[in-house]
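> The following comprises the amino acid sequence and a computationally predicted model.
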Amino acid sequence: MKPQSLTLLGSTGSIGVNTLDVVRRHPERYRVVALCAHTRIDELFAQCVEFRPLRAVIGDALLATQLAQRLRQAGLATEVSHGVEALERVASAPETDTVMAAIVGAAGLRPTLAAARAGKKILLANKEALVMAGALFMRVARENGACLLPVDSEHNAIFQSLPPNFSDDLARQGVRRILLTASGGCFRTTPLAEMTEVTPEQACAHPNWVMGPKISVDSATLMNKGLEVIEARWLFNLAPEQIQVVVHPQSVIHSMVEYVDGSILAQLGNPDMRTPIAHCLAYPERIESGVEALNLFKIGRLDFEAPDFERFPCLGFAYDALKAGGTAPAILNAANEVAVEAFLARRLPFLAIPRAIAATREAVALNCGESLPAILQADAEARAFASAWVGRQ
Ligand code: NAD
Ligand code: MG
């Protein structure tokens, strides 16, 4: 069997590191051809030494020079480049079969789109790309024969619970709706009054998952679930009414599909991203991921609650953006990225994150266009407005 060649966009992040952990267990199946990171040169260097890729991409020219020098000294022929065009090149290069799209935020859009245009197998973790440009991204993937596999645990669970070879018309296949589970985040039971003083450390301490800082804050505000509602709309061609969020604090059921005959199919497992990553890497086969078997006796019970749209307005904002269409989700995403970054840098209180998004949504004009220039312009305008708004706080 010829090994599958892999490009990892965002190899030093939480998803990137978990992907390499699975890949390391199956050296005969996978060959890493490109690794990409933003600033963490030491981690990227160590990954290059271990996996010996043809190419490595890093954020800027200075880091690229340093990395190239260190790799040469270590006797490696890995070619080093930097910048977004270099990311697009490695994502679409002929030597790559599969692209793990695991850059965080809007920065992942252009390289992930390049992979879609080149008809690659895309393991999609970078949900923001789909939130910003869902219609465009799905069209480009379809026209170029790209195969899209969802890494996000909820969407991966839905993918596993849908009929095999499901179509764009799920209603015809007996699907009534999907039940998107949410842990509820670390402030699920915290009264609103106590949320004013929340620190980045508290917000990043997710009860069940270990993740990068941005998605951890998104989980605490429930914006992550909102982004996932939009992601599900595009991946599975669903109407907003067909996507029901269910708070399930144990994070054991990763999501469910409800059929017209009353059946609900679910995927369960320990909350460890190596399961959906391994599922996508090996699809349609199954491989060892290193994840421990689920011990149902230890878990004992599974609980469910309705989401609280009052304390967590970001979830409602995402449904609104989905209904508004056009560039609304891109504006929502950009405002959120700016607000979360400011919160992590202690420049904005936790409860001001939804306020920043609401203000941006009011101020930035909606455009019904879904071309890349229209989306990038909406993203830039929303970022500029949200940054200025944060500066005034
Ligand atoms: P992270 O912050 O741990 O890692 C982000 C990666 O992206 C790093 O390798 C970083 O070098 C790279 N990066 C950041 N900015 C970049 C830029 N401007 N240009 C190029 N590379 C850049 O994030 P993560 O938690 O691994 O999440 C990655 C993506 O996967 C996000 O879109 C997130 O929503 C999604 N996701 C993550 C998890 C999880 O468990 N961590 C689960 C589901 C979905
Ligand atoms: Mg998720």
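Right, received. Where do you want to start? Residues are numbered from 1 along each chain as shown. Ligands and ions are numbered 1, 2, ... in the order given.
> quick one, domains of this structure?
The record's domain parsing of the chain by automatic domain parsing lists 4-150, 158-271+297-391.
> What does the pLDDT read for the residue of the chain found nearest ligand 2?
Scanning the chain for the residue nearest ligand 2 gives Asp152, at 4.2 Å (criterion: Cβ to the ion). (C-beta placed from N, C-alpha, C; glycine too.) Here, the pLDDT recorded for Asp152 equals 98.
> anything in the host helix or strand of Ala46 near ligand 1?
Using DSSP states H and E, Ala46 sits within helix 41-51. No: using Cβ under 6 Å from any ligand atom, we find that helix 41-51 stays clear of ligand 1, coming within 8.0 Å at best.
> give me every residue that touches the closest residue to ligand 1 within the stretch 101-250 of the chain.
Nearest to ligand 1, among the residues of the stretch 101-250 of the chain, is Gly212, at 2.6 Å (Cβ to the nearest ligand atom). Listed by Cβ atoms under 8 Å, 6 or more residues apart in numbering, the contact partners of Gly212 are Gly13, Ser14, Ile15, Val104.
> Repeat that for Phe304.
Contacts of Phe304 (Cβ under 8 Å, 6+ apart): Val246, Val247, His248.
> ok, the last one - how many residues close by?
Using other Cβ atoms under 10 Å as the criterion, His248 is surrounded by 22 other residues.
> Spit out the contact partners of it.
By Cβ under 8 Å, 6+ apart, His248 lies in contact with Thr181, Ala182, Ser183, Gly184, Leu302, Asp303, Phe304, Glu305.
> Give me the nearest residue to Leu124, chain neighbours excluded.
Excluding its sequence neighbours, the residue lying closest to Leu124 (Cβ to Cβ, 6 or more residues apart in numbering) is Ala101, at 5.2 Å.
> Dig out what the one you found forms beta bridges with.
Counting by DSSP bridges, Ala101 is bridged to Leu9, Leu124.
> what about it, how many neighbours?
Using other Cβ under 10 Å, Ala101 has 28 neighbouring residues.
> if you look at stretch 219-229, does any of it touch ligand 1?
No: judged by Cβ under 6 Å from any ligand atom, stretch 219-229 stays clear of ligand 1, getting no closer than 7.0 Å.
> For the stretch 101-250 of the chain, just list every one of the helices.
Per DSSP state H, counting those that start in this stretch, the stretch 101-250 of the chain carries helices over the ranges 109-117, 127-143, 153-161, 200-204, 213-221, 223-236.
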